[in-house]
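**Q** Quick one, structure for this:
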Amino acid sequence: MIHATFSDAGAQPADSDLVTAAARCWRQARDRGEAVQPCLARLLAARDRALLTPAFDSLLLFYELALGRPIRPGAAAPSKDERLLLALIEGSRGCDGLGCSRPLAEVLGCAVCSARAMLAGAAAGPEAARPSRG
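**A** Below is the predicted model of the structure:
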């Protein structure tokens with residue numbers, strides 16, 4: 001398994017709102033029987049983060065599988081499920097304590113790392129993605 005280290009890998013306060021909004025959008029689309037990626041893409045594009053769509057889709061799918069039930073969204077404040085998701089992304093909580101199988105915890109861990117990397121890349125902006133000319 002390959003692991004990457006990001007100095008700023010955890011979710012930042014602005015990311016918390018984005019993660020919560022994405023989780024709610026994803027869950028609402030699933031509840032309505034709609035494809036989730038178009039819903040997520042619209043939400044994220046409005047925040048100039050459409051590139052995060054597949055990372056959030058897989059993260060939320062594996063998160064629900066690890067929970068063994070649908071995510072319970074919050075209303076005005078983040079729900080317990082949303083706070084746990086944020087803790088996973090921030091790195092203050094590990095995937096192995098969710099009560100799911102070890103292989104599922106490992107897959108969820110990979111999805112969390114992918115989401116962290118994508119969030120860090122999005123926070124760095126388009127300039128960071130350009131190769132340097134040296």
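**Q** all helices for this protein, in order.
**A** With DSSP state H as the criterion, the chain has helices at 13-31, 36-45, 53-67, 80-90, 102-124, 126-129.
**Q** ranking these by burial, who's on top?
**A** Ranked by mean neighbour count, the helices of the chain are led by helix 53-67 with a mean of 20 (mean count of other C-beta atoms under 10 Å). Glycine gets a C-beta too; all of them are placed from N, C-alpha and C.
**Q** Against L108, how distant is R49?
**A** If you measure R49 against L108 using C-beta to C-beta, to the nearest Å, the figure is 21 Å.
**Q** do R102 as well
**A** 11 Å.
**Q** D15 now?
**A** Noted for D15: a distance of 18 Å to L108, by C-beta to C-beta.
**Q** Where does pLDDT dip in this protein?
**A** Low-confidence segments of the chain (pLDDT under 70): 1-14, 123-134.
**Q** In it, which residue is most central in space?
**A** For the chain, the residue nearest the mean C-alpha position is F56 (4.4 Å; C-alpha atoms, centre = their mean).
**Q** Wait, L108 touches A66, no?
**A** Yes - counting by C-beta atoms under 8 Å, L108 touches A66, with 4.9 Å between them.
**Q** Done for today, thanks.
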